[in-house]
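Enquirer: Sequence and predicted model, in that order:
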Amino acid sequence: MTPPTWTDIVAAHLERFPDAEPVDLYKLVHQASLGIGHLIDNDVEARGMLADEARDLDLTPREWEEVVEPIRPGGELVRVHLRPYLRAGGSLERLLTAMLRTQDLLDAVSLTALAANLGTVRGVVHAIDQDQRFDRRAFDVLLHDLATAGFPARHHSDAFRELYDPHYRVVLLATLED
């Protein structure tokens, strides 16, 4: 199987989440570029948050969720969607270990590289053939505004959370397969 490119990742994301807003695509590229180490303050807290989220999670299948969703070209960094992961018998301890190992192993890129990735994705968004549901102009404005602010991490849009109820963790795929 050919490793995914930004074009593959963006096209799959917009197909899977047709009502994604510009901030949701920005979040994907931000996670793919910088990882999510800032979200893990300590092992105990991460374990508790994961356990609480899994305990309260409605495991009803969602048509757009696969166990893993590649988010970085090459496919080595993925979102592990909790619902299908848990339905398949996935271990929370194994996922936590993968999260912590990812935090230790992931070489976060610089903000300059993040800006380059966002520029590439901007070009992909403008080039791919789709039904024009994604607001390209708003994506351009968002990128400009967030560049001025130093590319901070952002939450998913309210609409994305309402429609898709995302529950995932970002890990290096190899750390989950060990």
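Expert: Received, thanks. Quick caveat, the model's predicted, so the values are computed rather than measured.
Enquirer: List the buried residues of stretch 163-172.
Expert: Y164, P166, H167, Y168, R169, V170, V171, L172 (16 or more other CB atoms under 10 Å). Just so you know, the C-beta spots here come from the backbone N, C-alpha and C atoms, and that holds for glycine as well.
Enquirer: where do the strands sit along the chain?
Expert: With DSSP state E as the definition, the chain shows strands at residue ranges 68-70, 77-81, 168-172.
Enquirer: Name the nearest residue to I71, sequence neighbours excluded.
Expert: A32 (4.3 Å; CB to CB, 6 or more residues apart in numbering).
Enquirer: just to revisit the earlier point, can I get the buried residues of stretch 163-172 in CSV including distance to R154 and pLDDT?
Expert: Converted to CSV, the buried residues of stretch 163-172 look like this (distance: CB to CB, whole Å; pLDDT from 0 to 100):
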residue, distance to R154, pLDDT
Y164, 16, 96
P166, 13, 96
H167, 17, 96
Y168, 16, 95
R169, 17, 94
V170, 14, 93
V171, 20, 93
L172, 22, 93
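Enquirer: show me the contacts for the most centrally placed residue in the chain.
Expert: Taking CA atoms, centre = their mean as the criterion, L28 is the residue nearest the geometric centre of the chain, at 4.2 Å. By CB atoms under 8 Å, 6 or more residues apart in numbering, the contact set of L28 is I9, H13, I71.
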